[in-house]
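>>> Sequence first, then the predicted structure:
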Amino acid sequence: MSGFTSQFWASTIDGLTVGSIYALVALGYTLVYGVLQLINFAHSEIFMIGTFAVLGFFGILGLNAPATGFVLVLVILGALIVGAVASGGTALALQFIAYRPLRRRGASRLAALITAIGASLFLREIIGITQGTQRVTVKTRVLEKTQLFTIGSAQVRADKVLVIVAAVVMMILLDRFVNGTRLGRGIRATSQDAESATLMGVNIDRVVSTTFLVGGAMAGVAAALYLIFYENTSYDVGFVLGIKAFTAAVLGGIGNLRGALIGGVAIGLIENYGSSFTFTGAQWRDVIVFGILVLVLLFRPTGLLRETGGSVRA
Amino acid sequence: MSTRLSTLASRWDTGVVVRASNTWSRTSGRGRAIVYTLALLFFLLVVPSGPIATFMAPGSDWRTILFFPIGMFVLLALGLNVVVGYAGLLDLGFVAFFAIGAYTMGILGHDHHWNFWQVLPVGVALAMGAGVLLGSPTLRLRGDYLAIVTLGFGEIVRVTANNLDDFTGGPRGVSSIPHPPSIDSVKIGDSRPFHYGVLDARPYYYLIVIVIVIVIVAAKRLERSRVGRSWAAIREDEDAAELMGVPTLKFKLWAFAIGAAIAGAGGVFYAGQASAISPPNFSFEVSVMILAAVVLGGSGNIPGVILGAFLVAWLPERFRGFTQYRFLIFGALLVVLMIYRPQGLLPSRRRRAELVEGGGGGMGRMGGDVGSAEQRREVDE
């Protein structure tokens, strides 16, 4: 118990930070599930490719010391854009190469899920073979991890603040996109009732492509933040993180954008509180999350905020 | 490209496969018995022999490979086939039951000095129990949720084995697990078919062939029983099955439990031969390989599943230089296969019809009932 109380504030800050990353990745699962009722198993690999793209970007920049001032802002913005483009592009390519032919044939969802697993393996191994299977680290720290202020007993570092703020901004942008634009309305209509949406003139192909692109871009932003926060990545980084993000999406109610946000933060907090108990410890962190997934599906299979009949409701 | 591939596939189906299956359906009971006996003798005597070994596995010990991975994969794929192929439930954590069987053998055999044959029923029962325990709450879920929950369960089992140092040996695993007791009095020529040692892997191979035969017979009989018909009904349309009075949850649980029991038995045999096990042996990749075997071969069809498992297990061993690329190739293969031939290499007739029509596999169609704009245009014209 003592570990829990003494680390409460530190766990809270860490939980919010990690939870923001989970939430951004969870959005991709939720968006695609809302539109296609497909668990995009390869979404975790889309995130992973984003981390490698951002790593490459940092390598090209070749910083010698952590950036400051205006340069820092540019570097961070650049990283977010590189991540979003790489991941969004991968997601879009995946939709055209793998999922679209299936949709044209009216393939079963089992076939689609197996395709997703295959695509996930393929992407992971491509990076594993070309970039090696060892963990790679960022050579020069990009953002100095200075302590900004303290809450309770916890020190709040600049990188954690960046992650949380950037995630919140992205959520707001996504919310505006889904609720305020024509394409966003198309996405909402398709997830409520695909057939009626088509009859009303919604171009399903465009909606599906947009959904993959937007979901992928969110994962790419998460990847850039992940790399700035953890400063390392590996070819299998997506596997466990992907399951946790999916758990977050299910916990919040899959298909529900705000649910993904709440679910992500909840998972982040739970795993940090959970592993601060002395009798559990960090090695049981993943078991706690999987256990929660099972429990949620048992007692509230529609999630905390209710799965909205497959609809993306923000 | 796609049309050429599908014509090739359809020629294969209407030509070789259909002709073979027609001939087979006309064969009398006695004729079939002769074929079965010959096949069994072929697998017991000819397959592990020298000339075949040099062709099939020039770089490694063919008899060892025959037991693991080939035999083991065939056994596991047959088990997963009950779950995926018959009942249409997607299980992504099948390795968990394999691990439970193996750890039962490891812990009881090493720490408590139990005999292999005493452990076998315990391992099977524990795996089956785990299947029921996992299945009874989760089998109420829709298909894709079930896939993720089983995946999570597979990881829970592996991480638990990794963390419970005192009980499972932690990351080091369990070693010096006893082999099955040998019966050295039985000799054929100078070979001892029941001598379970370290050097000659053939006795283990004989053992697993016998287990596989038992599983095949049981699976065949189940498929044609009331249980098997219920599974087919559940797979094709669960709601309709429920309305027709099929207790779907009960039969889904049975499929889960039977699959788990087979994997548990596989685990006990594996640990009994390998004599050392550790958590990395039971990673998510194993679940994917077994699933790839079932889907590649043709889920629901026993010869197809065996062919798939053989290919998935043998190809990486035969072409060692490509081991690095094996998951890359499997991944690409799964994607291409689902586009051009979702029913697998040797599909059962019924399953083929389901998947070609779409909507089969117990999960409905992708994206509801609306295809792409192009598909509708094709329909309109």
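Happy to help now that I have it.
>>> so where does A:Gly28 fall, helix or strand?
According to DSSP states H and E, A:Gly28 maps onto helix A:8-36.
>>> how about the residue of chain A found nearest chain B, secondary structure?
Nearest to chain B in chain A, going by C-beta to the nearest C-beta, is A:Gly118, at a distance of 2.7 Å. C-beta coordinates here come from the backbone N, C-alpha and C atoms, glycine included. Secondary structure, DSSP: H, G, I helix; E, B strand; the rest coil: A:Gly118 is helix.
>>> Surely it and B:Gly331 touch.
Yes. With contact defined as C-beta atoms under 8 Å, A:Gly118 counts as touching B:Gly331 (4.6 Å).
>>> re earlier: which other helices and strands does the helix holding A:Gly28 contact?
helix A:43-61, strand A:147-151, strand A:154-157, helix A:158-180, helix A:182-192, helix A:204-230, helix A:237-252, helix A:257-276 (3 or more C-beta pairs under 8 Å, 6 or more residues apart in numbering or on different chains; DSSP states H and E).
>>> Now render the ones you listed as TSV, adding mean neighbour count, mean pLDDT and distance to chain B.
Conversion of these to TSV gives the following (neighbours: other C-beta atoms under 10 Å in any protein chain shown; pLDDT from 0 to 100; distance: least, C-beta to the nearest C-beta, whole Å):
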stretch	mean neighbour count	mean pLDDT	distance to chain B
helix A:43-61	25	95	10
strand A:147-151	10	83	32
strand A:154-157	17	85	27
helix A:158-180	17	93	18
helix A:182-192	20	90	8
helix A:204-230	26	95	5
helix A:237-252	27	89	6
helix A:257-276	24	89	12
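>>> Let me see the contact set for A:Leu123.
By C-beta atoms under 8 Å, 6 or more residues apart in numbering or on different chains, the contact list for A:Leu123 reads A:Ala42, A:Glu45, A:Ile46, A:Met48, A:Ile49, A:Thr90, B:Gly331.
>>> Closest one to A:Tyr99 out of these, please.
A:Ala42 (9.4 Å; C-beta to C-beta).
>>> Let me know whether that closest one touches A:Ile114 as I believe.
No. Assessed by C-beta under 8 Å, A:Ala42 is found out of contact with A:Ile114, at 11.5 Å.
>>> what does the stretch 151-300 of chain B put close to chain A?
Neighbours of chain A within the stretch 151-300 of chain B, by C-beta under 8 Å from any C-beta of the partner chain: B:151-153, B:155-156, B:159-160, B:162-163, B:284, B:288, B:291, B:295.
>>> Most widely separated two among these?
B:Asn163 and B:Val295 (32.1 Å).
>>> Please say which of the two ends up with more neighbours.
Set side by side, B:Asn163 and B:Val295 show more neighbours around B:Val295, with 30 against 18, by other C-beta atoms under 10 Å in any protein chain shown.
>>> Verify the stated contact: that one with B:Val305.
No. Applying C-beta under 8 Å as the test, B:Val295 and B:Val305 come out as separate, 9.4 Å apart.
>>> From A:Ile114, how far out is A:Ala107?
As for A:Ala107, its distance to A:Ile114 is 10 Å (criterion: C-beta to C-beta, to the nearest Å).
>>> Between these two, which contacts overlap?
Shared contacts of A:Ala107 and A:Ile114, defined by C-beta under 8 Å, 6+ apart, comprise B:Met338.
>>> name the helices or strands packed onto the longest helix belonging to chain B?
Assignment by DSSP state H gives helix B:248-274 as the longest helix of chain B. Judged by 3+ C-beta pairs under 8 Å, 6+ apart, helix B:248-274 is in contact with helix B:72-80, helix B:95-106, helix B:116-138, helix B:202-223, helix B:226-236, helix B:238-243.
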